[in-house]
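Asks: structure for this input, please:
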Amino acid sequence: MVVFDFLESGFQILVQYSILFLEFIGVVILLTASVKSVYMWVTKSGSAPLNLARGISLALEFKLGGEVLRTVIVREKAELVILGAIILLRGALTFLIHWEIKNEEAHEMDHEKMEH
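Replies: Prediction:
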């Protein structure tokens, strides 16, 4: 039984650090995309909204991965319900952002066609 307790605590630590890593990567991606989008907006080079939407989408994917991993270590039903709601919310946001990216790309294509 001592071996199982040791393995369980090791697993818990591994999952918690993995969650922190995924959350950190999501934050770094979001900050990087934000800074790049502000630069693009100020210099009027490229599509700042499209770049920001792509960055937000990618950041949300990493954050969603962290939430899914968190479900592995949840012990109580109440926590699981809250976690499920967070996952649904982030999934919906990701879907909406992908839809926005698609619309923005179509708008840019139409704009490019009109210029030629």
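Asks: buried residues, stretch 16-28. List them.
Replies: Neighbour-count burial for stretch 16-28 flags I19, L22, E23, I25, G26 (criterion: 16 or more other Cβ atoms under 10 Å). Glycine gets a C-beta too; all of them are placed from N, C-alpha and C.
Asks: contact partners for the second one?
Replies: For L22, the set of contacting residues under the criterion of Cβ atoms under 8 Å, 6 or more residues apart in numbering consists of F62, K63, G65, G66, L69.
Asks: what's the pLDDT at M40?
Replies: The per-residue pLDDT reported for M40 equals 93.
Asks: what about the helices in the protein?
Replies: Ranges of helices in the chain, per DSSP state H, are 2-43, 48-73, 77-115.
Asks: what's the angle from the longest one to helix 48-73?
Replies: Put plainly, it is helix 2-43. If you take axes from the mean of the first three to the mean of the last three Cα atoms, to 10 degrees, helix 2-43 sits at 170 degrees to helix 48-73.
Asks: give me the low-pLDDT residue ranges for this structure?
Replies: 116 (pLDDT under 70).
Asks: out of the buried residues of stretch 16-28, which is nearest to A48?
Replies: Nearest to A48 among the buried residues of stretch 16-28 is G26, at 20.2 Å by Cβ to Cβ.
Asks: distance check, V28 against L83.
Replies: According to Cβ to Cβ, to the nearest Å, V28 stands 23 Å off from L83.
Asks: run a quick neighbour tally on the closest residue to L60 other than its chain neighbours.
Replies: Spatial nearest neighbour of L60, chain neighbours left out: T94 (4.8 Å); criterion: Cβ to Cβ, 6 or more residues apart in numbering. Counted with other Cβ atoms under 10 Å, the neighbours of T94 add up to 18.
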